[in-house]
Structures are given as structure tokens and as C-alpha cells.
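1. Below are the sequence and a predicted model; questions follow.
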Amino acid sequence: MAAPDATPGPLSPLAADELPQVAAIESLVFPEPLSLEDLRRLWRDPATAYVGFRVGDRLGAYFGFQTFGPTAHVVSNATHPDFRRQGLGARVLQEAEPLARGRGARWFLGEVRVSNAAQRRVLARIGWSEVGTCPAFFGNGEDAIVVWRCLP
Ligand SMILES: CC(C)(COP(=O)(O)OP(=O)(O)OC[C@H]1O[C@@H](n2cnc3c(N)ncnc32)[C@H](O)[C@@H]1OP(=O)(O)O)[C@@H](O)C(=O)NCCC(=O)NCCS
């Protein structure tokens with residue numbers, strides 16, 4: 001097992017057999033996680049892309065999005081708690097931009113919990129804008145900040 005401070009490999013598409021690691025991180029970090037079944041269903045959809053950084057044999061951070069015309073809609077992104085604050089959260093989003101562009105997207109669009117200070121700071125640092133608020137967007141009634149990034 002890789003040490004948490006081991007150097008991550010390059011960003012690359014996730015393989016189907018890495019989805020259990022995505023599901024495990026989802027259930028660790030999200031109040032409303034995607035199940036392995038949800039992830040496998042998304043995976044089969046050609047609109048979906050999942051990319052990630054491995055640290056040794058572990059998934060350090062991942063990002064899933066779906067492209068519909070000019071919009072690349074964020075499904076989710078997360079960094080495993082063992083690998084936080086090493087830049088992976090910002091990098092996984094930034095380094096996926098050429099992939100989204102190559103799939104025809106012109107912007108990323110996502111929804112972030114109002115309370116998610118870490119993600120909001122990361123996004124502000126890498127050029128995403130908060131474009132509005134959607135009341136009671138999440139299952140527990142929390143508002144979403146709608147976030148947008150024009151792809152270069
Ligand atoms: C948000 C998240 C992806 C950031 O991952 P990361 O790999 O730690 O991100 P980075 O290392 O690029 O940036 C970390 C920055 O987040 C911010 N941050 C981290 N913890 C924070 C906290 N508790 N409060 C406020 N800001 C915080 C800081 O700006 C920090 O930068 P710093 O380390 O220079 O201070 C990670 O915290 C995570 O997986 N959270 C749970 C899943 C999630 O919320 N995903 C987004 C769904 S919309």
C-alpha cells in the first residue's frame with residue numbers, strides 16, 4: 001500500500017475495476033453517495049468520463065463528468081482523505097479540461113453545497129465562478145451554489 005505522501009501518477013481514465021474504489025470514497029465523503037451500481041450504470045453511458053490520480057495502487061482523487069453538447073456536467077469529484085491538501089483536488093479538475101474540450105464541451109457546470117468551503121475555495125482558485133444559488137437542491141434540503149467554468 002502506498003504511503004499517503006507518495007507521488008501520484010499522471011491523470012488518466014479510470015478502469016471499470018477501479019469503480020469499487022470510487023464507491024468506497026463516495027460513501028466515505030458524501031452525505032448522498034453514488035452506489036457501485038449507480039457508478040456502473042453511469043460508466044456504461046458514453047456521455048460519461050471518469051479520470052483519476054493513483055498513488056501507488058490506491059485511488060487518490062477522481063473526477064466524473066458527463067458531456068451534453070457544450071456542457072460538461074460534474075457528477076462528482078473527491079480526494080481520498082489520506083491525500084488531501086496536496087493539490088490533487090485542484091489538479092484533477094484542471095487537468096481534465098482538455099479531455100472535456102475534446103469531447104466538445106465549452107464549459108463545466110456543477111452544484112456545490114453551500115457548506116462545502118473546501119470545494120468552493122478550490123474552485124475559486126482555479127477560475128470557476130459561482131453563478132447562482134438553487135434552494136434546497138440536495139436531499140437534506142441544503143442549497144446548492146451553481147458553479148461554472150468556461151473552458152479555455
Ligand atoms: C474538496 C476536495 C475535493 C479538495 O481536495 P484536495 O485534494 O484537498 O484539494 P487541494 O489540495 O487542491 O486544495 C485544498 C484546499 O481546499 C481548501 N480547504 C481544505 N480544507 C478546508 C476546510 N476545512 N475549510 C476551508 N477550506 C478548506 C483550502 O483552500 C485548501 O488549500 P490549502 O491546503 O492551500 O489551504 C476534498 O476536500 C474532498 O474530497 N471533499 C469531499 C468531497 C467533495 O466535497 N467534493 C466536491 C463535491 S462538489
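-> Here it is on my side, so go on.
2. If you count contacts, what does the lengthiest strand in the chain end up packed against?
-> Using DSSP state E to define each element, the chain has its longest strand at strand 58-68. Judged by 3 or more Cβ pairs under 8 Å, 6 or more residues apart in numbering; DSSP states H and E, the packing partners of strand 58-68 are helix 19-29, strand 48-55, strand 71-79, helix 88-95. (C-beta placed from N, C-alpha, C; glycine too.)
3. which other residues reach the last one?
-> It stands for helix 88-95. By Cβ atoms under 8 Å, 6 or more residues apart in numbering, the list of residues contacting helix 88-95 from outside reads 8, 11, 51-53, 60-63, 77-79, 108, 118-119, 122-123, 125-126, 149.
4. cool, and the second one?
-> Strand 48-55 is contacted by residues 2, 4, 6-14, 18-19, 22, 42-43, 59-67, 75, 83, 88, 91-92, 95-96, 99-100, 103 when judged by Cβ under 8 Å, 6+ apart.
5. What strands line up against that strand, and which way round?
-> Strand 48-55 pairs in its sheet with strand 12-13 (antiparallel), strand 58-68 (antiparallel), by DSSP bridges.
6. Centre of the chain to it, how far?
-> Using Cα atoms, centre = their mean, to the nearest Å, the mean C-alpha position of strand 48-55 is found 9 Å from that of the whole chain.
7. Next one: that strand, is it in contact with the ligand?
-> No: using Cβ under 6 Å from any ligand atom, strand 48-55 never reaches the ligand; the gap is at least 9.3 Å.
8. What average pLDDT does that strand get?
-> For strand 48-55, mean pLDDT is 98.
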